[in-house]
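**Q** sequence first, then the predicted structure, then my questions.
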Amino acid sequence: TQLLEQSPQFLSIQEGENLTVYCNSSSVFSSLQWYRQEPGEGPVLLVTVVTGGEVKKLKRLTFQFGDARKDSSLHITAAQPGDTGLYLCAGGDYGGSQGNLIFGKGTKLSVKP
Amino acid sequence: GAGVSQSPSNKVTEKGKDVELRCDPISGHTALYWYRQSLGQGLEFLIYFQGNSAPDKSGLPSDRFSAERTGGSVSTLTIQRTQQEDSAVYLCASSKMWADTQYFGPGTRLTVL
């Protein structure tokens, strides 16, 4: 069974601080996606990484896919209160019979003004 | 265009009753996915449809759960004889084709008393 472990589970920081969220697995994934979810809403896709070692930047967010495609990280620079939410990583398991995404349990981020 | 919509947004039911949850995917999306999100847990994959067909139903938690999709569009997830452990947010997503980017609806929060 493929599993994705996210850490930390909770993170509370002050506005302007930097943070990194980690997503680790013992399995290789064909792709890895990061989502952000706000209360009462469904997850919204932030980025998809598919190549080992790939780095993608989205404004203050930097996403990295590990060389072996087993892990990923999300780094936020100068966090703002609007970054508050649940961040989920999901590994693409499209080689399997279910054609689904394997989700981590998420990192709940709170950025205080 | 319109995103994925789900109804009802909230459902409170008594233990033992049946419930039906509805998902309207983005127009033209051929793939549709159902997930369950419990408090403190990540998204648990339940079932997906390619067109009206569900290739693998093994992700459904028990035989009390069933899902169907008609006309390649609307899908319903039915839970019979609900139990308290069925309480969760049920999320639906759709994608243009299988394995493409999934777009999520806002979810249905189910509470079983």
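**A** Yep, it's here. Numbers count the residues shown, from 1 in each chain, chains lettered A, B, ... in the order given.
**Q** what residues are bridge-paired with the nearest residue to residue A:38 once chain neighbours are set aside?
**A** What sits nearest to residue A:38 in space, not counting adjacent residues and going by C-beta to C-beta, 6 or more residues apart in numbering or on different chains, is residue A:85, at 5.0 Å. (C-beta placed from N, C-alpha, C; glycine too.) The bridge-partner assignment for residue A:85, based on DSSP bridges, gives residue A:109.
**Q** next up, the contacts around residue A:85.
**A** Going by C-beta atoms under 8 Å, 6 or more residues apart in numbering or on different chains, residue A:85 touches A:36, A:37, A:38, A:108, A:109.
**Q** nearest to chain B among the residues you listed?
**A** residue A:37 (8.3 Å; C-beta to the nearest C-beta).
**Q** CA atoms of stretch B:72-82 as CSV?
**A** Once side chains and other backbone atoms are set aside, the C-alpha atoms of stretch B:72-82 remain, and they are given as CSV (Å, rounded to 0.1, in the frame of the first residue of the first chain):
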residue,chain,number,x,y,z
GLY,B,72,-21.8,10.5,-18.5
SER,B,73,-22.6,13.4,-16.2
VAL,B,74,-24.3,13.5,-12.8
SER,B,75,-23.2,10.9,-10.2
THR,B,76,-24.9,9.9,-7.0
LEU,B,77,-23.2,8.2,-4.0
THR,B,78,-25.7,6.3,-1.9
ILE,B,79,-25.0,5.1,1.7
GLN,B,80,-27.5,2.7,3.1
ARG,B,81,-28.2,2.1,6.8
THR,B,82,-25.8,4.9,7.8
